[in-house]
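>>> Generate a structure from the sequence data that follows.
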Amino acid sequence: MMEKKTPLYESHVALGAKMVEFGGFLMPVQYPTGILAEHMAVREKAGLFDVSHMGELVFHGEDALENIQHLVTTDISKMLDGDMRYGMFCNDEGGVVDDLIVYRMAQDDYLIVVNAGNRDKDAAWVETHLSGHPGYHDAGNEFGQIAVQGPVSKEILVKLCDEAELPVKYYSFTKAVLTWNGRSAETYVSRSGYTGSFGYEILCKAEDTVWLWNTLLEAGKEFGLIPCGLGARDTLRLEAAMLLLRQSDTTLTDAAYAYGHELTDDITPKMAGLPCKLDGKDFIGHDALVKRGAPEVKRVGLKGVGRGIVREHCDLYAAPDGEKIGWTSSGTFAPYLGCCVAMGYVPVEDAEIGKHVYADVRGRKIEMEIVPTPFYKR
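Numbering: from 1, shown residues only. Got it, this is the predicted structure:
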């Protein structure tokens, strides 16, 4: 299958980015500055990310609210215009189909942002579960999306608009007209991100994406803004203990949830430690989650004690020569923290803060301590 390209593909190539396939798209994994510099820019100054590969599903009309309530785990009934809510699509067994963000654009008018690798799968899944007559369509090709992340993000955006146009509350958004050198673009600017740093995500029309990217790079130059790729995006989200969903085209070679990331079709929101109230509303997978009861395994944060870097797909043991108790779902060297961090799944009775476990990295057992998450908190 031919990889897709975001509107910024040529811009990335021109900047010397190393391009890789991710979620069906050709995306920059890093620029000549390197992953470490990009990571530290986001923690200390600012970084610019192309997230136009994400999917957008639009719901409108009198049946929009009822359908979204049935489709997603989170209760959106009390949302106001400009509110955002994190939630999930679940399958009939309670496993996670995708995690997502719901935007309330106006009364009976919603936008759901879904993950890149699941855009087509999610759109098809939604269509098979609609009821009534909601206005619904896959709007993924209509939007570009750019993230400005880092402590000086506001200083950069106020060069393009009045500060009053920017959202203040985390997980809220505003309509903002961004202007530079006589040209303007209508956008939705949200206080959100996937890095753990202060920042914004900007939705714009697809045709405005290249202009907005170049404009932000120019406006942010004096503040140290640099373009960042998927490599830094992954190390940043892991430092902040943000979950990664297994892409739908991933091939599994072992037990279904042992070789995904933090979220898969077999991992429930409760196992992952995500908010998922089971009282007050119904949704697909609700009854299965109630029937399952309290999870037997849970997600934990792990910090390296021994030397070495632990990544995903490593078995976890209770002792160097003990029994296998779990697996790692993600892991890396955390540049800002200066240590190895990972997330994984272990039985609830083994998930005690301070407990030491051992990760098998190509036959060598590396000692890890179970610690609170997030690892990094600004």
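
>>> All the helices of the stretch 151-300 of the chain, in order from the start?
153-157, 209-220, 230-239, 269-272, 286-292 (DSSP state H, counting those that start in this stretch).

>>> list the helices and strands the shortest one packs on?
It stands for helix 269-272. Using 3 or more C-beta pairs under 8 Å, 6 or more residues apart in numbering; DSSP states H and E, the elements in contact with helix 269-272 are helix 286-292, strand 297-304. Quick note: C-beta positions are derived from backbone N, CA and C, even for glycine.

>>> Now the first one: buried residues?
Pointing back at helix 286-292 there. H286, L289 (16 or more other C-beta atoms under 10 Å).

>>> what's the neighbour count on V168?
For V168, the count of nearby residues is 9 (other C-beta atoms under 10 Å).

>>> check contacts around it.
Applying C-beta atoms under 8 Å, 6 or more residues apart in numbering to V168 gives the contacts R191.

>>> run the last query once more with 10 Å
T174, R191 (C-beta atoms under 10 Å, 6 or more residues apart in numbering).

>>> Same question for T6.
T6 touches 12, 25-28, 50-54, 116, 144-146, 206, 209-210, 213, counting by C-beta under 10 Å, 6+ apart.

>>> got it, and L243?
With C-beta under 10 Å, 6+ apart, L243 has these contacts: 96, 99, 194, 237, 261-263, 267, 272-274, 299, 329-330, 343.

>>> can you do 6 Å?
Neighbouring residues of L243 by C-beta atoms under 6 Å, 6 or more residues apart in numbering: E262, L263.

>>> Return the subset of the contacts of T6 lying in strands.
Within these, residues falling in strands by DSSP state E are F25, L26, M27, P28, D50, G144, Q145, I146.

>>> Not counting residues beside it along the chain, what's closest to the fourth one?
Using C-beta to C-beta, 6 or more residues apart in numbering and skipping residues adjacent in sequence, the residue nearest P28 is A17, 3.5 Å away.

>>> how close does the one you found sit to L212?
A17 is 17 Å from L212, where distance means C-beta to C-beta, to the nearest Å.

>>> and what of G144?
For G144 relative to L212 (C-beta to C-beta), the value is 7 Å.

>>> what residues do the two have in common as contacts?
C204.

>>> The two: which has the busier surroundings?
G144 (26 against 23).

>>> list the contacts for the more buried one?
By C-beta under 6 Å, 6+ apart, the neighbours of G144 are P7, S52, C204, A206, T209.

>>> D120: which of those residues is nearest?
S52 (15.7 Å; C-beta to C-beta).

>>> right, and that closest one touches F143 too?
No. Using C-beta atoms under 6 Å, S52 is not in contact with F143, being 7.2 Å away.

>>> Comparing the two, which shows the higher neighbour count?
S52 (25 against 22).

>>> what's the distance between the more buried one and K78?
From S52 to K78 the distance is 31 Å (C-beta to C-beta).

>>> go on, L289?
For L289, the distance to K78 - C-beta to C-beta - is 22 Å.

>>> Then L236?
For L236 relative to K78 (C-beta to C-beta), the value is 31 Å.

>>> who's in contact with the residue nearest the centre of the chain?
By C-alpha atoms, centre = their mean, the chain has its centre lying nearest to Y194, at 5.3 Å. Taking C-beta under 6 Å, 6+ apart, we find Y194 in contact with R237, M242.

>>> now the one 4 residues further on
The contact partners of F198, taken as C-beta under 6 Å, 6+ apart, are P151, S153.

>>> Okay, now the unreliable bits of the stretch 51-200 of the chain?
Scanning the stretch 51-200 of the chain for pLDDT under 70 picks out nothing.

>>> all strands for it, in order.
55-60, 84-90, 96-106, 109-114, 135-138, 143-149, 173-180, 183-190, 199-205 (DSSP state E, counting those that start in this stretch).

>>> if you compare these, which one is most tucked away?
strand 143-149 (a mean of 25; mean count of other C-beta atoms under 10 Å).

>>> That one pairs with which strands, parallel or anti?
Strands flanking strand 143-149 in the sheet, each with its direction: strand 47-50 (antiparallel), strand 199-205 (antiparallel) (DSSP bridges).

>>> what about the shortest one, average pLDDT?
Along strand 47-50, the predicted confidence averages to a pLDDT of 98.

>>> got the contact list for that strand?
Counting by C-beta under 6 Å, 6+ apart, T6, L8, E38, A41, A147, V148, Q149, G150, L216, L225, P227, C228 sit against strand 47-50.

>>> Return the residues in contact with the last one.
With contacts defined as C-beta under 6 Å, 6+ apart, C228 is in contact with E38, G47, F49.

>>> Make a markdown table out of the residues you listed and add neighbour count and distance to P134.
Output for those, formatted as a markdown table (neighbours: other C-beta atoms under 10 Å; distance: C-beta to C-beta, whole Å):
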| residue | neighbour count | distance to P134 |
| --- | --- | --- |
| E38 | 25 | 40 |
| G47 | 31 | 37 |
| F49 | 26 | 31 |
